[in-house]
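**Q** no sequence on this one, just coordinates:
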Ligand SMILES: [Zn+2]
């Protein structure tokens with residue numbers, strides 16, 4: 001009679017451990033997409049920053065180009081003065097030449113700036129392109145992972161349902177209330193295994209060398225024996 005109860009309790013424990021396992025899997029499901037979600041947010045953030053940076057450079061370029069046009073206009077105007085024949089004073093003409101040379105120097109320097117800026121923009125544009133490619137790849141991966149996660153969740157829920165049904169059936173077959181109470185208490189306290197099968201001289205739960213009278217009682221298998229060290233329920237394995 002008690003042996004049958006022990007078998008049932010072992011079966012119950014097996015089911016409970018399986019349920020724990022499924023619950024752990026369910027808890028870990030969000031981790032499957034957590035990393036990639038973070039990565040996508042980071043890429044989006046980076047892409048946003050670079051695009052803003054690019055727009056700022058565009059504004060800067062326009063401003064520099066306006067400045068360049070202004071310098072060209074000024075040079076043109078002074079050249080008209082220089083070659084228009086209206087001014088004949090040598091000193092004044094030399095002064096105009098000097099001003100034109102200054103503007104030309106400034107214009108050269110600005111043109112160099114434009115080239116640098118355009119190069120910077122080209123690099124940035126390439127970098128944005130790579131980011132967008134990365135983002136697309138990660139979003140595709142996310143979609144796949146999400147589908148896998150959803151499928152896993154369904155499987156886990158199905159397993160849990162059938163385990164819970166099996167648990168109730170097994171639970172109802174155990175009539176020894178004291179045994180059930182002890183088991184419930186130990187499971188809560190220790191998690192994992194509350195009842196253990198002994199096939200030598202050691203408690204498999206805490207590796208204590210069991211006293212010979214405990215072994216003797218175990219082999220008789222007549223009443224609930226608990227390990228004097230870890231309090232787990234012990235049964236003799238035939
Ligand atoms: Zn023990």
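**A** Structure's in. What do you need? All values reported here derive from a predicted model rather than from experimental measurement. Residues are numbered from 1 along each chain as shown.

**Q** Name the residues of the protein found near the ion, please.
**A** With C-beta under 5 Å from the ion as the criterion, the chain meets the ion at residues 203, 205, 206, 208, 227, 229, 230. Backbone N, C-alpha and C define where each C-beta goes, glycine included.

**Q** at 8 Å what do you get?
**A** Taking C-beta under 8 Å from the ion as the contact definition, the chain meets the ion at 196, 203-208, 210, 227-232, 234.

**Q** Report the buried members of those residues.
**A** Applying 16 or more other C-beta atoms under 10 Å to those, the neighbour count classes 196, 203, 204, 205, 210, 227, 230, 231, 232, 234 as buried.

**Q** Identify the farthest-apart pair in the residues you listed.
**A** Greatest spacing in these, by C-beta to C-beta: 204 and 231 (13.8 Å).

**Q** the longest helix in the chain is where?
**A** The residue-count maximum for a helix in the chain (DSSP state H) belongs to helix 90-173.

**Q** Which other helices and strands does it contact?
**A** Helices and strands touching helix 90-173, by 3 or more C-beta pairs under 8 Å, 6 or more residues apart in numbering; DSSP states H and E, are helix 2-83.

**Q** how far off helix 90-173 does the helix it packs on point, in degrees?
**A** Counting by axes from the mean of the first three to the mean of the last three C-alpha atoms, to 10 degrees, helix 2-83 points 170 degrees away from the direction of helix 90-173.

**Q** average pLDDT across helix 2-83?
**A** Mean per-residue pLDDT for helix 2-83: 95.

**Q** again with stretch 120-139
**A** Mean per-residue pLDDT for stretch 120-139: 97.

**Q** Per the annotation, how does this protein divide into domains?
**A** Listed by automatic domain parsing, the domain ranges of the chain are 18-173, 176-238.

**Q** so how far is the first one from its chain's centroid?
**A** Taking C-alpha atoms, centre = their mean, to the nearest Å, the mean C-alpha location of domain 18-173 is offset from the chain mean by 22 Å.

**Q** what about that domain, how long is it end to end?
**A** Length of domain 18-173, first residue to last, C-alpha to C-alpha, to the nearest Å: 19 Å.

**Q** gap between the residue nearest the centre of the chain and residue 155?
**A** When C-alpha atoms, centre = their mean is applied to the chain, the residue found nearest the centroid is residue 35 (1.3 Å). To residue 155, residue 35 is 22 Å away according to C-beta to C-beta, to the nearest Å.

**Q** picking that back up, could you check how far the residue nearest to the centre of the chain is from residue 228?
**A** Distance from residue 35 to residue 228, counting by C-beta to C-beta: 47 Å.

**Q** No further questions, thank you.
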